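Peer 1: what follows is a predicted structure for the sequence shown.
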Amino acid sequence: MKHYIIFALLIFAIALTAQEKEYKLDEIYVTAGRAPITFKEIARSIVVITSEEIKNLPAASLEDLIGSVASVDIRTRGINGVQSDAGIRGGTFEQTLILIDGIKVSDPQTGHHNLNLPVSVSNIERIEILKGHGSRIFGANAFSGVINIITKKRNDMAAEATAEGGSFDSYAYSLNASIPASLINSAVAFGRKKSDGYIANTDYDITDFSISQNAGVAAQAINWYYGYTNKKFGAYNFYSDRFPNQREETTTNLFYVSSEINISDILYLSPKAYLRKNKDDYILDYTRPEWYHNIHKSTSYGIELQSTLVSDFGKLSFGGEYSGDEIESNNLGNHTREKKGFYIEQMFSPIDKINSSFGFYVYKYAKAGWKIWPGFDFAYNIDGATKIYTTLGKSFRIPTFTELYYDSPANKGNPELTYEEVNNYEFGLSRRAINYTYDLNVFLKSGYNLIDWVRKSESEPWRVENVTELNTTGLEVAFGINPSFYISGFFIKNVNLGYTYLSYDRKAEGFESKYLIDNLKHQLICSVSYRLPLNINQTLILKYEDRLNYGSNFLTDTQLNYGGSFYQVYVRISNLFDVKYEEIPGILLPGRRITAGLRINYEDFK
């Protein structure tokens, strides 16, 4: 009870102050559309986690960073990035498209591997989270939202080293550096995290590495990136609470190359190509490793070409993609599939106060024929900081190889599965100013042909079918304030508050569903940043989540920082009040854990 009292008092204090996030609106370009646009021009609900926030938030992993955003549902099996699922606006983890620098990296075997990302947190410049439909822009799997991770690209000499240690015999270290040489700028990053675990069989050992180069010649730029991550971990109760001795190792490699070519002042091209490989080595009981041992090797590849033409009618973007997925598995078999698509998007501002965009993505994969996925966005700028907007569109997700080909006596995949679909409708009011911000969004997601594990009687095995319909109605409210704008030198720097309410109407007539619906119903996230004596800065995050048919959790995380541009000392406390909780049934997550670390920065040295 005392935790709720503290939380209520903080919310009351926030009501007297309060802020979302502060942006330099004219300087941040985001990829909520095919052509990059400034944040203030967007007619969508999008959140940007900046590099400064990445350093100051009490986050031990990328998953923790993403989970600090309202309407994003991070459900964790293991801490510090071992394995987590990311959903947006009540959608499943399969319905969120993951990008790195605009490259599609969602896993074709299962969405449980979508966050096997070969990128270090120390090498992330910012994270863009698009809420709502995205298939008109990105094609398949942008069903409920898109998470785009933007890596650092510098043209000066710089380096950063971080080392930390803490509870459960955990430690982590990372190093990243950028090295300019004539017209080519190189960057390298390395990181490792290791722990003995908070209970038996929750140990982990995670290594990631990346190297990239970007070069610019006249009106052309070319970038390439290679990333690697390896995770070895105890998978205590991960997929069944009958087997606590599960273990897993995943290895992910990503290579991409992209270019920006300015043909003229009004026409530019953006080609890209990528290759992603993921290996999943899973043992159901490590005391009997040969009894049930699955090895899955998946490959995704693709090429894309985008053209953008600037005219008096706005920006016209058009292009296409060709991609494919492959899997070699002792359980799922060996399979391949091809995917093709082309798109058109027109951005148009007939007058200064109106921004609009409309377009469609035409897509074909495997056994499914060509189908069009349209969308439309419209925003009216009331003044320089306030706008109202509306958006509507259709999105879809194609089934994973696990859903298609999994086979056991109790569970049967379905090779005849087709895509699941959703119609999205949204209306929003938004203000972005230096002194205060607010957002209000209402939306409806009408999903049909949804993929579900179902059966008609207890004598039948569970089978995957396109049988479920789900209408999700949502309300999002966010507001905040920068108190120092009103009171010079005030110790509270900013306060952020986001609330999400979701209501569901689910239909799967004639079928029993295998999985209990435990989507978010209420979510409240509050963050406060303030200055303490001795020039110590502290950020506090409070998160309340209430789920259908499952219950609620209230968690508090905090981080204290001391230092300047050359070095920072920090202490991070996760689960401050030592709450016992689960995010996935049967997987107990750790209580209070304390981590202390040191970050050293070098910039512009010779």
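Peer 2: On my side now, so go ahead.

Peer 1: which stretches of this structure have low pLDDT?
Peer 2: 1-32, 39, 218-219, 516, 604-606 (pLDDT under 70).

Peer 1: tell me where it has helices.
Peer 2: Using DSSP state H, the helices found in the chain span residues 2-16, 51-56, 62-66, 135-138, 401-405.

Peer 1: with adjacent residues omitted, what lies nearest to Thr558?
Peer 2: Excluding the flanking residues, the one nearest Thr558 by Cβ to Cβ, 6 or more residues apart in numbering is Leu540, at 4.7 Å. For every residue, glycine as well, the C-beta is placed using N, CA and C.

Peer 1: what count of nearby residues applies to that neighbour?
Peer 2: 19 (other Cβ atoms under 10 Å).

Peer 1: what are the bridge partners for it, then?
Peer 2: Beta-bridge pairing for Leu540 (DSSP bridges): Val528, Thr558.

Peer 1: mind listing what it touches?
Peer 2: The neighbourhood of Leu540, defined by Cβ atoms under 8 Å, 6 or more residues apart in numbering, consists of Pro58, Ser527, Val528, Ser529, Thr556, Asp557, Thr558.

Peer 1: again, 10 Å this time
Peer 2: 10, 58, 495, 526-530, 556-560, 573, 576 (Cβ atoms under 10 Å, 6 or more residues apart in numbering).

Peer 1: do the same with Asp107
Peer 2: 94, 98, 113-116, 250, 252, 276, 278, 280, 296, 298, 300, 325, 400-402.

Peer 1: restricted to strands, list the residues you listed.
Peer 2: Under the assignment DSSP state E, the contacts of Asp107 contribute Ile98, Thr250, Thr252, Arg276, Asn278, Asp280, His296, Ser298, Ser300, Asp325 to strands.

Peer 1: and Ala181, how many neighbours?
Peer 2: Neighbour tally, Ala181, other Cβ under 10 Å: 10.

Peer 1: likewise for Ala200?
Peer 2: Ala200, neighbours per other Cβ under 10 Å, totals 11.

Peer 1: now stretch 297-313: buried residues?
Peer 2: Neighbour counts using 16 or more other Cβ atoms under 10 Å place Lys297, Ser298, Thr299, Ser300, Gly302, Glu304, Gln306, Ser307, Thr308, Leu309 of stretch 297-313 among the buried residues.

Peer 1: in a markdown table, list those residues along with distance to Lys153.
Peer 2: Converted to a markdown table, the buried residues of stretch 297-313 look like this (distance: Cβ to Cβ, whole Å):
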| residue | distance to Lys153 |
| --- | --- |
| Lys297 | 31 |
| Ser298 | 28 |
| Thr299 | 27 |
| Ser300 | 23 |
| Gly302 | 22 |
| Glu304 | 19 |
| Gln306 | 19 |
| Ser307 | 22 |
| Thr308 | 20 |
| Leu309 | 25 |
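
Peer 1: between those residues, which is closest to Asn123?
Peer 2: Of all those, Ser300 has the smallest distance to Asn123: 21.5 Å, by Cβ to Cβ.

Peer 1: dig out what the closest one forms beta bridges with.
Peer 2: Beta-bridge partners recorded for Ser300 (DSSP bridges): Arg276, Asp325.

Peer 1: Leu440 reaches Gly498, doesn't it?
Peer 2: No: counting by Cβ atoms under 10 Å, Leu440 sits too far from Gly498 to count as a contact (11.3 Å).

Peer 1: picking that back up, farthest-apart pair in the ones in strands among the contacts of Asp107, please.
Peer 2: Between any two of these (Cβ to Cβ), the greatest distance is 18.2 Å, for Ile98 and His296.

Peer 1: partner residues bridging the residue nearest the centre of the chain?
Peer 2: For the chain, the residue nearest the mean C-alpha position is Ile147 (3.8 Å; Cα atoms, centre = their mean). Ile147 has these beta-bridge partners by DSSP bridges: Ile98, Ile129.

Peer 1: that one contacts Leu97, correct?
Peer 2: Yes: between Ile147 and Leu97 there is a contact at 7.4 Å, judged by Cβ under 10 Å.

Peer 1: find residues that contact each of the two.
Peer 2: In contact with both Ile147 and Leu97: Ile88, Val105, Ser106, Asn114, Leu130, using Cβ under 10 Å, 6+ apart.

Peer 1: these: which two are farthest apart?
Peer 2: Applying Cβ to Cβ across those, the maximum distance is between Ile88 and Val105, 16.2 Å.

Peer 1: could I get stretch 374-393 in CSV with only the CA atoms?
Peer 2: Only the C-alpha atoms of stretch 374-393 are listed here, as CSV (Å, rounded to 0.1, in the frame of the first residue of the first chain):
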residue,chain,number,x,y,z
PRO,A,374,-3.5,2.3,-48.4
GLY,A,375,-3.2,5.1,-45.8
PHE,A,376,-3.8,8.8,-45.3
ASP,A,377,-2.5,11.3,-42.8
PHE,A,378,-3.7,14.9,-42.3
ALA,A,379,-2.6,17.6,-39.8
TYR,A,380,-3.7,21.2,-39.2
ASN,A,381,-1.3,23.4,-37.3
ILE,A,382,-3.2,25.7,-35.1
ASP,A,383,-0.1,27.6,-34.2
GLY,A,384,3.6,27.0,-34.3
ALA,A,385,3.5,24.4,-31.6
THR,A,386,-0.1,23.0,-31.6
LYS,A,387,-1.8,20.8,-34.1
ILE,A,388,-4.7,18.5,-34.6
TYR,A,389,-4.4,15.4,-36.9
THR,A,390,-6.1,12.3,-38.1
THR,A,391,-4.8,9.2,-39.8
LEU,A,392,-6.3,6.1,-41.2
GLY,A,393,-4.9,3.1,-43.0
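
Peer 1: report the buried residues of that stretch.
Peer 2: Gly375, Asp377, Phe378, Ala379, Asn381, Ala385, Lys387, Tyr389, Thr391, Leu392, Gly393.

Peer 1: I'd like the residues you listed written out as JSON lines, with distance to Asn423 added.
Peer 2: Rendered in JSON lines, the data for the buried residues of stretch 374-393 read as follows (distance: Cβ to Cβ, whole Å):
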{"residue": "Gly375", "distance to Asn423": "10"}
{"residue": "Asp377", "distance to Asn423": "15"}
{"residue": "Phe378", "distance to Asn423": "17"}
{"residue": "Ala379", "distance to Asn423": "20"}
{"residue": "Asn381", "distance to Asn423": "27"}
{"residue": "Ala385", "distance to Asn423": "31"}
{"residue": "Lys387", "distance to Asn423": "24"}
{"residue": "Tyr389", "distance to Asn423": "18"}
{"residue": "Thr391", "distance to Asn423": "12"}
{"residue": "Leu392", "distance to Asn423": "8"}
{"residue": "Gly393", "distance to Asn423": "8"}
